[in-house]
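Peer 1: Below: sequence and its predicted model.
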Amino acid sequence: LARARVRIGQPSLGRPLVHRLFLRELRDYRDCIAPSTALASHPAPEVRLLGESYSESAEMALERAMNALACWYEPDPLVGVLDRIRSGDRHLAAPALDFLEHILPRPIFSVVRKIFEDPTPEEPDAEAEPDPIAQWIETAWTSDDTWLRACAVRASRFSPSFDARRFTIEADAHPFVLAEIAALVSPGTPSTNPTSRAAIC
């Protein structure tokens, strides 16, 4: 639909729907940024891989959010907005956020401000949650993202409180997920090595 907007030179979706789609993708972005930050410094590479996968999912959600806006607003400036925001540099992102503040209704931009201008969300309280990795594994496992699910199974080896029985096997489960579950149940079983999302696409 974003490409159709460029091709026909007119909005391809109504403004209210564009805003709803934009906010939905921003929620996905926010939900993925927290674990990507929390898991980035973990000593186990399997857990860091899960964090990096969350980071990649966040980036894809941000791109979808800008594509949603491009279905109503002028697409060209939004390309620059996306590049600046995902750079991670607050100073570089500032003009992009100013642009969004200018074009978006105040209630919509207030969500943008909360995500990108407010302080980074706090990491889980170690005292309240002795095994904070477990919640990120649970979230990844219940997602529709096959890659995240496979990474969640692999990272679960380093989560002492996570109940591996949560990894129920569906009839249509992806071979990557099945291989990781098999390796978890039987440590001697060879496991498909998830090194790239491209391997499951």
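Peer 2: Yep, that arrived.

Peer 1: Need phi/psi at His174.
Peer 2: Taking degrees, to the nearest 10, you get phi -70, psi 140 for the backbone angles of His174.

Peer 1: which strands and helices sit next to the strand or helix carrying Ser55?
Peer 2: Ser55 belongs to helix 45-69 when elements are defined using DSSP states H and E. Judged by 3 or more CB pairs under 8 Å, 6 or more residues apart in numbering; DSSP states H and E, helix 45-69 is in contact with helix 15-38, helix 75-85, helix 133-141, helix 146-155. Any C-beta I mention is one placed from the backbone N, CA and C, and that applies to glycine too.

Peer 1: Return the residues in contact with Ser57.
Peer 2: Contacts of Ser57 were listed using CB atoms under 8 Å, 6 or more residues apart in numbering, and they are 28, 32, 145, 148.

Peer 1: Put together JSON lines for the helices and strands packed on helix 45-69, with distance to Gly9 and mean pLDDT on each row.
Peer 2: Written out in JSON lines, the entries for those read as follows (distance: least, CB to CB, whole Å; pLDDT from 0 to 100):
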{"stretch": "helix 15-38", "distance to Gly9": "16", "mean pLDDT": "92"}
{"stretch": "helix 75-85", "distance to Gly9": "10", "mean pLDDT": "89"}
{"stretch": "helix 133-141", "distance to Gly9": "40", "mean pLDDT": "90"}
{"stretch": "helix 146-155", "distance to Gly9": "36", "mean pLDDT": "91"}
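
Peer 1: mind listing what's buried in the helix holding Ser55?
Peer 2: Along helix 45-69, these residues count as buried under the neighbour rule (16 or more other CB atoms under 10 Å): 47-51, 53-62, 64-69.

Peer 1: Let me have stretch 59-71 in PDB, keeping just the CA atoms, if that works.
Peer 2: This file holds the C-alpha atoms of stretch 59-71, laid out as PDB (Å, rounded to 0.1, in the frame of the first residue of the first chain):
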ATOM      1  CA  GLU A  59      13.700  -2.300  13.600                       C
ATOM      2  CA  MET A  60      11.200  -4.100  11.300                       C
ATOM      3  CA  ALA A  61       8.300  -2.800  13.300                       C
ATOM      4  CA  LEU A  62       9.600   0.700  13.100                       C
ATOM      5  CA  GLU A  63       9.900   0.300   9.300                       C
ATOM      6  CA  ARG A  64       6.300  -1.000   9.100                       C
ATOM      7  CA  ALA A  65       5.200   2.000  11.200                       C
ATOM      8  CA  MET A  66       6.700   4.500   8.700                       C
ATOM      9  CA  ASN A  67       5.300   2.500   5.800                       C
ATOM     10  CA  ALA A  68       1.900   2.900   7.400                       C
ATOM     11  CA  LEU A  69       2.300   6.700   7.600                       C
ATOM     12  CA  ALA A  70       3.400   6.700   4.000                       C
ATOM     13  CA  CYS A  71       0.000   5.500   3.000                       C
END
